[in-house]
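Enquirer: return atomic coordinates for the entry below.
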Amino acid sequence: MAKTLDRLEEELLSLSDPDRLYLLEVLLESVSAEADADEGVQRAWIEECRRRYEEIRSGRDELVDHEEVMAELRARFG
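Expert: Prediction:
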């Protein structure tokens, strides 16, 4: 299953930013619906995702590769 998820992740990351944002909204809505989450919480998550996306797009923040983060954490905490 990990290989399937890796392939899926690779495909999803190749999508355009607007397509990924749309997909993120759809996935958040599906998870929230399944968990019977409060609509306010769902909206808050979507807005948070949009805010973070805008920060990255505008250059105010940047993405850090997962492997880089994990290597730094391992070095710091063993």
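
Enquirer: so how far is stretch 46-64 off the chain centroid?
Expert: For stretch 46-64, the separation from the chain centroid amounts to 10 Å (computed by C-alpha atoms, centre = their mean, to the nearest Å).

Enquirer: name the SS class of residue 9, please.
Expert: helix (DSSP: H, G, I helix; E, B strand; the rest coil).

Enquirer: quick one: mean pLDDT for stretch 28-46?
Expert: For stretch 28-46, mean pLDDT rounds to 71.

Enquirer: now the end-to-end length of that stretch.
Expert: In stretch 28-46, first residue to last residue: 7 Å (C-alpha to C-alpha, to the nearest Å).

Enquirer: which sections of the protein are below the confidence cut-off?
Expert: By pLDDT under 70, the low-scoring segments of the chain are 1, 32-37.

Enquirer: which residues of the chain fall in helices?
Expert: 2-13, 17-34, 39-58, 66-77 (DSSP state H).

Enquirer: as CSV, these with mean neighbour count would be great.
Expert: Every C-beta, even on glycine, is put in place using the N, C-alpha and C of the backbone. Formatted as CSV, the helices of the chain follow (neighbours: other C-beta atoms under 10 Å):
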stretch, mean neighbour count
helix 2-13, 9
helix 17-34, 13
helix 39-58, 12
helix 66-77, 9
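
Enquirer: ok, the most centrally placed residue in the chain to residue 40 distance?
Expert: Centroid-nearest residue in the chain, with C-alpha atoms, centre = their mean: residue 24, separated by 7.0 Å. Residue 24 sits 18 Å away from residue 40, going by C-beta to C-beta, to the nearest Å.

Enquirer: again, but for residue 73
Expert: 33 Å.

Enquirer: show me the contacts for the residue nearest to the centre of the chain.
Expert: Residues counted as contacts of residue 24 (C-beta atoms under 8 Å, 6 or more residues apart in numbering) are residue 49.
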